[in-house]
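S.K.: With the sequence up front, the predicted model follows.
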2 protein chains.
Amino acid sequence: MSAYETLDPADWEDLRSLGHDMIDDMISWMKDLRDRPVWQPMSIEQKEEFFEDLPDRGIGPQKVYEEFRSEVLPYIMGNPHPRFWAWYMGSSSIQGALADFLTSVTNSNAGAGNHVGQLIEDQVIQWMSEIVGYPKMAGGIIVSGGSMANFVGLAVARNVYSGHDLRSEGLRQSDRQMTIYASTEVHSCNQKALELMGIGANYFRRIPVNDDYTIRIENLRNKIAEDRSNGFHPVCIIGTAGTVNTGAIDDLENLAKVCEEEDLWFHVDGAIGAIAMLSDHVRPQLKGIERSDSVALDLHKWMHIPFEAGCVLVKDRKQHKSTFQLTPEYLQQNVRGLASGNDWYSDYGIQLSRRLKALKIWMAVKEYGVLKLGRMISRNVEQAVYLASLVSEDPELELTAPIGLDIVCYRYKPTEGTYDLNALNKEILIQIQELGIAVPSYTTLNGNYCIRVAIANHRSRRNDFEFLIQATINIGQSIKEDFVI
Amino acid sequence: MSAYETLDPADWEDLRSLGHDMIDDMISWMKDLRDRPVWQPMSIEQKEEFFEDLPDRGIGPQKVYEEFRSEVLPYIMGNPHPRFWAWYMGSSSIQGALADFLTSVTNSNAGAGNHVGQLIEDQVIQWMSEIVGYPKMAGGIIVSGGSMANFVGLAVARNVYSGHDLRSEGLRQSDRQMTIYASTEVHSCNQKALELMGIGANYFRRIPVNDDYTIRIENLRNKIAEDRSNGFHPVCIIGTAGTVNTGAIDDLENLAKVCEEEDLWFHVDGAIGAIAMLSDHVRPQLKGIERSDSVALDLHKWMHIPFEAGCVLVKDRKQHKSTFQLTPEYLQQNVRGLASGNDWYSDYGIQLSRRLKALKIWMAVKEYGVLKLGRMISRNVEQAVYLASLVSEDPELELTAPIGLDIVCYRYKPTEGTYDLNALNKEILIQIQELGIAVPSYTTLNGNYCIRVAIANHRSRRNDFEFLIQATINIGQSIKEDFVI
């Protein structure tokens, strides 16, 4: 047996032992996360030394794992840490990682074929449909994340509303230029999708927002009317359920109404907020999501599934399939055998071969149940309110935006004197990161640079936020004199 | 500690024990693969019973794993098995699955930020560039698979050659209709990409092939000339390095010449064959690949990385970036801190949040070295020749296409009598699958249904092919009378 060379381990028992070590190391690592810096940078020298020539001969699995432990593990991004609140990411879990291990060992192709993978994905899509209030047999697919989920939803909208055989004839043969609508706070991935689809960023209409960063419905209606009178072809409104800057949720109920009246596709970018349908506190704010035509979710965010786990739902399954189905000879489906079935997931998205990402979602929902997942979301929302109260109570801090969902934006502002507040807050944030205290990110709102805390983290506790606030003030006070103007 | 509810395990030691069980079970499962059926179908009753209501409360990790073992594991696709040769997939490995476990525990976002994930992906892209003969600093990104790799390459081609500001203005504002060229054997994902990009399938010119299923260069030149004279805008030729039906490799050297003379983008769909640059036997057939502008690879195929691991390389890094870069406020890059760096992978593809797929590739290259990975490829090519010799030697079998790379197409054809050969071979194939003997797939070439054996499998041995041939003949002889015409 051992004489026959394969990519399997030379010695199965050695590998078993290595696997056990990995389990032990990673469980200890996850358990003791709080005792380590959230993030630490690599030096320029370390970065240069990282690279090596393409190796002719291998060093075996044990030595590779040693390199992982010494050269990789200390310098990861850090998002599983209880005080990581940058951009908008999930925190992962050992259980989710084990599910990914099982997914990779078995390595089924979720794009095609008659095997259990399809049932697992069907089940997850049905559950997600139920969560957002869609019919049970809605279309949908698990994708890499919010960017791809929005891409798929918008592609269906484009094709359904094109008015001609767009798949065959392309956009150049359209009689009118399509236009798409969203607020100025819409996530950039939607623009990227529209550019890639050939619609053009200039025809993506960004509508101003209210003080709470939600889309102004009247401006939207006016712009649609103006576009129609100028010969454009309005096709789709994107509502945002949880903007990336401040967590604002557009008035989905009213957007649904506009779409119905104007005969437009209603797509909801719910990458941040749609899964908060699981939270009793948030659900009422999402009213109207069930009236959309498609919705993008991101389960590697607030559901903490390890990357990647996005999901798009399309209410009309046939419309979804008609955008993506393409069946050449070698994909002809049979009545029996592995190639049987008539509804493969490769007919619902870009990919043909697909990792069975649905397995880890299926396992997480079963392990936790949705009530617990909902409690984790509700707690983050409460923590945002708590953090905002800490900010409000301190005379040297100010909130720079209303709290939306679980996102708090604030800045340090000494009570007296004149400072370059943008530069000062930028330096405070970087020191907080470099000292390994916490990792918030930042954004600029109305010209003000601010520290942005996106609390999609099931490990965060109240004292983590107290720690952040104390660090902000301490660092601010110690460096502010360098920023006097 | 335990009073504070998180998604971490209620008892870390219980989870440690579960993790060890999974390692033991999966190693035994992988080691004993050969003793089990390649694939087995679920009954209709089993499928119906699989579904359950969205659970309010969870059952914990141990019970979920029990469900995985009893309800999922027996009914997976089966591609790690030594006699799985359907479509074109990789075989995975325990080591690759462990790498996926490490990826998910640490859960870095490979789309953005100053962390080691970016270096790992840089390193993998550099290695892949070296493998295909590209300059070291070529652009590239790890993607979900061949479909997305082709999508990215074609998107860059479209934007670079559009002749106007396509990202802003879209395709409707183009002055001429773009046309793209490939052979009739090109993979369907390229058509899907062109449809999604808004170019339209009608403008994807499928050029006839030679007897060896490679593109006819003269027909290609003629079609380009004809299109130009009719006012079309030829933009890109897609060369295929390993067609999905028969493994044919287009004459890449001559395609590069046509592209240079005609000023067209040269994209190589190398999802099946490009990584065979590692094989001394195959490399000479791929000559010219280094002259392309972009190339798609699929490392979850012939490199056996677990799903998903595709790769696209774009020779001109700036052209690649200019197609995808989009930087809103919340993604502004800094000089220090986690958000430092100026070359994030989200600027090179559709996704913003990205799983660090590069880690498992990095670990595999280091563990095995490229010589061993090349030997695995070469051996599959030799096995295809061996299988073809078995077919040729048997009077009741016939090859239905030349052997390309590692793909053999054949059919059962009794020496006497008249049979519905298509129906007969279809039934033979399904019985081979249903009996768990082997899993080849099928295709139709010149109207002939044939059994297609794609040997991208590091576990296959010579006697596995003897077993397949014997089963084909045995089943064929036992059922042929039902197919007399």
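M.R.: Alright, I've got the coordinates.
S.K.: From what I see, residue A:270 and residue A:294 are in contact.
M.R.: No. When contacts are counted by CB atoms under 8 Å, residue A:270 is not listed as touching residue A:294 (10.1 Å). Where you see a C-beta, it was placed from the backbone N, CA and C, and this is true even at glycine.
S.K.: Is chain B within reach of whichever strand or helix holds residue A:323?
M.R.: Residue A:323 is part of helix A:317-324, with elements assigned from DSSP states H and E. Yes. Residues of helix A:317-324 contacting chain B under CB under 8 Å from any CB of the partner chain: residue A:324.
S.K.: same for that helix, what does it pack against?
M.R.: The contact analysis (3 or more CB pairs under 8 Å, 6 or more residues apart in numbering or on different chains; DSSP states H and E) places helix A:317-324 against strand A:139-143, helix A:146-161.
S.K.: That helix to strand A:139-143, inter-axis angle?
M.R.: Relative orientation of helix A:317-324 versus strand A:139-143 (axes from the mean of the first three to the mean of the last three CA atoms, to 10 degrees): 50 degrees.
S.K.: Would you mind listing the buried residues in helix A:317-324?
M.R.: Across helix A:317-324, burial judged by 16 or more other CB atoms under 10 Å in any protein chain shown covers A:317, A:319, A:320, A:323, A:324.
S.K.: can you tell me which residues contact the fourth one?
M.R.: By CB atoms under 8 Å, 6 or more residues apart in numbering or on different chains, residue A:323 lies in contact with A:152, A:155, A:156, A:159, A:160, A:167.
S.K.: rewinding a little: most neighbours per residue, which of the helices and strands packed on helix A:317-324?
M.R.: Among the helices and strands packed on helix A:317-324, the stretch with the highest mean neighbour count (mean count of other CB atoms under 10 Å in any protein chain shown) is strand A:139-143, at a mean of 29.
S.K.: Can you say which of the contacts of residue A:323 are also within reach of chain B?
M.R.: Applying CB under 8 Å from any CB, the subset of the contacts of residue A:323 adjacent to chain B comprises A:155, A:167.
S.K.: Can I get the contacts of residue A:323 in TSV including pLDDT?
M.R.: Below are the contacts of residue A:323 laid out as TSV (pLDDT from 0 to 100):
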residue	pLDDT
A:152	98
A:155	98
A:156	98
A:159	98
A:160	97
A:167	97
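S.K.: Can you tell me which of the contacts of residue A:323 is closest to residue A:193?
M.R.: For the contacts of residue A:323, the minimum distance to residue A:193 (CB to CB) is 7.7 Å, reached by residue A:155.
S.K.: Would you agree that closest one is in contact with residue B:196?
M.R.: Yes. Taking contacts as CB under 8 Å, residue A:155 lies within contact range of residue B:196: 5.8 Å.
S.K.: Find the residues that touch each one of those two.
M.R.: In terms of CB under 8 Å, 6+ apart, residue A:155 and residue B:196 are both contacted by the residues residue A:197.
S.K.: what element comes up after the helix or strand bottoming out on mean pLDDT in chain A heading to the C-terminus?
M.R.: The helix or strand of chain A with the poorest confidence is strand A:439-445; it has a mean of 93 (mean pLDDT, DSSP states H and E). Next in sequence after strand A:439-445, counting helices and strands by DSSP H and E, comes strand A:448-454.
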